[in-house]
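K.L.:
Quick one: sequence and predicted model below, then my questions.
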Protein chains: 2
Amino acid sequence: MNFELDEAIEVMERTPKALTLFLSGLSAGWLQGNEGEGTWNATEVIDHLIEAEKTNWIPRLNTILQDGENKPFPPFDRFAHLNDKTAATIEEKLLAFQQIRTVNLAYIRSVIDPAQHFERTGRHPAFGLVKVRELLATWVVHDLTHMAQIVRVMAERYRVDVGPWSEYLGILKK
Amino acid sequence: MNFELDEAIEVMERTPKALTLFLSGLSAGWLQGNEGEGTWNATEVIDHLIEAEKTNWIPRLNTILQDGENKPFPPFDRFAHLNDKTAATIEEKLLAFQQIRTVNLAYIRSVIDPAQHFERTGRHPAFGLVKVRELLATWVVHDLTHMAQIVRVMAERYRVDVGPWSEYLGILKK
């Protein structure tokens, strides 16, 4: 067990800032390229991260804290963000991600007492019993998963361009 | 072919800045964790990126521009940075990466004329003939590979902590 709330928050507060710096102002080719039919581009990954801040982590945490194992988690549609056809720019989306993350981190700081809440359990629709500390650790790794996805999708754009070097580039092996 | 010099530079100038924001000030656990024996932690990845700026990309580019296919690339030791036992902090290393990257981008902007140089060829010790534009595209994807590595190494730290959610987290599948 490595999980600690303060260290988890260190990463969670950096994710939107680092992504803002990395993606703001990039050419459309970097933001709109994907890995083929049915895969997400970098912009859609940001939409998904915003959606999860709104409808996944906090509602699930609240369900555990308020109802424990008695009430299953509210549904989370992992594809809901694909219906978001607003014309927001990537910069506006990144700002929205940063803002809602800030609000959510303030919320978990205010409601969670590790000693009292970490081992509290809720009922995941697929996995059964899960703990608050597992939910929070998953939130962190979910950030890291989608950061990895963004750079992998961007690398895909140069798959052919790197020529024979593709053999040495792990990110192109999939 | 998607490669364009301006778009490549967009990514290359963001990499050290985004990594600086993401890694500066993190707890030692995040910076020193690795994926097991013989693998690199996040700090060692930054050391490697600095080493590549010094002894890989620019020397190889210069070899192609000056000697074409006649002279093999100067050797690049992918593990040289592991001998760096200086006590520099992660913040100092990130600043060093940012500084040398800035110098190197100014250099390629000043010496490379796409129309004249992109198709120029050099001799890679393992692959044989490679082009300037392939070297530059590889430089970009090398950044993305190591960003993916950093977040993957960090995710490893919570492999057990996420509990049953590991099944949904692609970054833990390896």
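P.N.:
Cool, got the structure.
K.L.:
for chain A, what's the longest helix?
P.N.:
With secondary structure taken from DSSP state H, chain A has its longest helix at helix A:132-156.
K.L.:
Now do that helix and helix B:132-156, the angle between them.
P.N.:
Inter-element angle recorded for helix A:132-156 and helix B:132-156: 170 degrees (by axes from the mean of the first three to the mean of the last three Cα atoms, to 10 degrees).
K.L.:
Show me which parts of helix A:132-156 are buried, residue by residue.
P.N.:
For helix A:132-156, the neighbour count (16 or more other Cβ atoms under 10 Å in any protein chain shown) marks A:132-156 as buried. Using the backbone N, CA and C atoms, a C-beta is placed for each residue, glycine as well.
K.L.:
Which strands or helices does it pack on?
P.N.:
With contacts defined as 3 or more Cβ pairs under 8 Å, 6 or more residues apart in numbering or on different chains; DSSP states H and E, helix A:132-156 has these neighbours: helix A:5-23, helix A:42-55, helix A:57-67, strand A:121-124, helix B:132-156.
K.L.:
Now the fourth one - C-alpha only, CSV.
P.N.:
Listed in CSV are the C-alpha atoms of strand A:121-124, where the atom choice follows Å, rounded to 0.1, in the frame of the first residue of the first chain:
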residue,chain,number,x,y,z
THR,A,121,-16.9,0.5,1.3
GLY,A,122,-19.4,0.9,-1.5
ARG,A,123,-20.8,-1.3,-4.2
HIS,A,124,-19.3,-1.1,-7.7
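K.L.:
Serialize the helices and strands packed on helix A:132-156 to a markdown table and add fields for mean pLDDT and distance to B:Ser27.
P.N.:
A markdown table is the format used below for the helices and strands packed on helix A:132-156 (pLDDT from 0 to 100; distance: least, Cβ to Cβ, whole Å):
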| stretch | mean pLDDT | distance to B:Ser27 |
| --- | --- | --- |
| helix A:5-23 | 98 | 5 |
| helix A:42-55 | 96 | 23 |
| helix A:57-67 | 96 | 22 |
| strand A:121-124 | 95 | 27 |
| helix B:132-156 | 98 | 11 |
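K.L.:
Which stretch among the ones you listed approaches B:Glu7 most closely?
P.N.:
Between B:Glu7 and those, the shortest gap by Cβ to Cβ is with helix B:132-156, which sits at 8.7 Å.
K.L.:
Could you tell me the angle between that closest one and helix B:5-23?
P.N.:
Going by the same axes, to 10 degrees, helix B:132-156 makes 20 degrees with helix B:5-23.
K.L.:
closest to B:Pro16 out of the helices and strands packed on helix A:132-156?
P.N.:
Of all the helices and strands packed on helix A:132-156, it is helix B:132-156 that lies closest to B:Pro16, at 8.9 Å by Cβ to Cβ.
K.L.:
how far off helix B:42-55 does that closest one point, in degrees?
P.N.:
Going by the same axes, to 10 degrees, helix B:132-156 makes 170 degrees with helix B:42-55.
K.L.:
gap between the longest helix of chain A and the chain center?
P.N.:
Relative to the chain's own centre, helix A:132-156 is displaced by 5 Å; criterion: Cα atoms, centre = their mean, to the nearest Å.
K.L.:
quick one: secondary structure of A:Pro74?
P.N.:
At A:Pro74 the chain is in coil, as set by DSSP: H, G, I helix; E, B strand; the rest coil.
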